[in-house]
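Visitor: Here is the input, now give the coordinates:
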Amino acid sequence: MNETLRNSVKTMVKETFEGPPREGGMFTESRPNSGLFGTLDQLTANDASIAVNGTTVAAHADHTRFYLWGTNAILKVGKQPEMDWGGSWKINLVDEKGWNRIREELRHEYLTFLETLDVIEWNEPLTKEVLGSLAHSAYHLGAIRQMLKVIKK
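Guide: Have a look, this model is predicted:
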């Protein structure tokens with residue numbers, strides 16, 4: 001794969017999870033903590049457990065961890081593992097320990113994903129998988145940030 005394209009994809013993935021670089025972001029708010037990790041770290045377990053339109057931030061965060069785990073498996077072995085998509089939305093209420101676990105496991109899957117982008121043999125199916133995961137992650141970031149408007153009222 002073209003190194004410029006790979007580096008651009010990595011920049012967008014980092015912005016989604018870590019927030020924008022100092023010089024401003026491409027699609028997140030140009031302020032600190034507007035990526036997924038900064039957004040989630042602002043919330044207590046109680047906040048993350050508040051239902052908004054039938055789901056919680058905890059469920060979105062754990063679902064994001066789940067599909068990144070699946071993406072990482074696809075990038076490593078070339079095929080999707082057996083995945084219980086419905087089960088990936090079952091977490092609703094979390095205590096502080098559970099909320100910390102979700103965020104730590106999400107960070108682990110993100111770091112694995114980011115490292116894998118440097119070592120995979122880029123081809124069309126894997127490129128689509130990577131870009132799909134980037135879009136999926138950005139979607140969940142946006143959904144969570146909209147949920148905060150209700151939670152923080």
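Visitor: Hmm, Glu129 is touching Ala73, no?
Guide: No: using CB atoms under 8 Å, Glu129 is not in contact with Ala73; the gap is 10.3 Å. Just so you know, the C-beta spots here come from the backbone N, C-alpha and C atoms, and that holds for glycine as well.
Visitor: Pick out whichever of these two has more residues nearby.
Guide: Glu129 (19 against 16; other CB atoms under 10 Å).
Visitor: How about the more buried one: what's its closest non-neighbour residue?
Guide: Computed as CB to CB, 6 or more residues apart in numbering, the closest residue to Glu129 that is not its neighbour in sequence is Ile74, at 5.4 Å.
Visitor: State which helix of this protein is the longest.
Guide: The longest helix of the chain (DSSP state H) is helix 124-151.
Visitor: Flag the shaky bits of this protein, pLDDT-wise.
Guide: 1, 23-24 (pLDDT under 70).
Visitor: in it, which spans are strands?
Guide: Using DSSP state E, no strands are found in the chain.
Visitor: From Ala135, how far off is the residue nearest to Glu129?
Guide: 15 Å (CB to CB, to the nearest Å).
Visitor: so how far is Arg101 from the residue nearest to Ala58 when sequence neighbours are not counted?
Guide: Computed as CB to CB, 6+ apart, the closest residue to Ala58 that is not its neighbour in sequence is Ala48, at 4.2 Å. Between Ala48 and Arg101 the distance is 12 Å, computed by CB to CB.
Visitor: swap in Leu114?
Guide: From Leu114 across to Arg101, the span is 20 Å (CB to CB).
Visitor: List the buried residues of stretch 132-146.
Guide: Burial within stretch 132-146, assessed by neighbour count using 16 or more other CB atoms under 10 Å, is assigned to Ser133, Leu134, His136, Ser137, Ala138, His140, Leu141, Ala143, Ile144.
Visitor: and stretch 67-87, how far from the chain's centre?
Guide: Offset of stretch 67-87 from its chain centre (CA atoms, centre = their mean, to the nearest Å): 14 Å.
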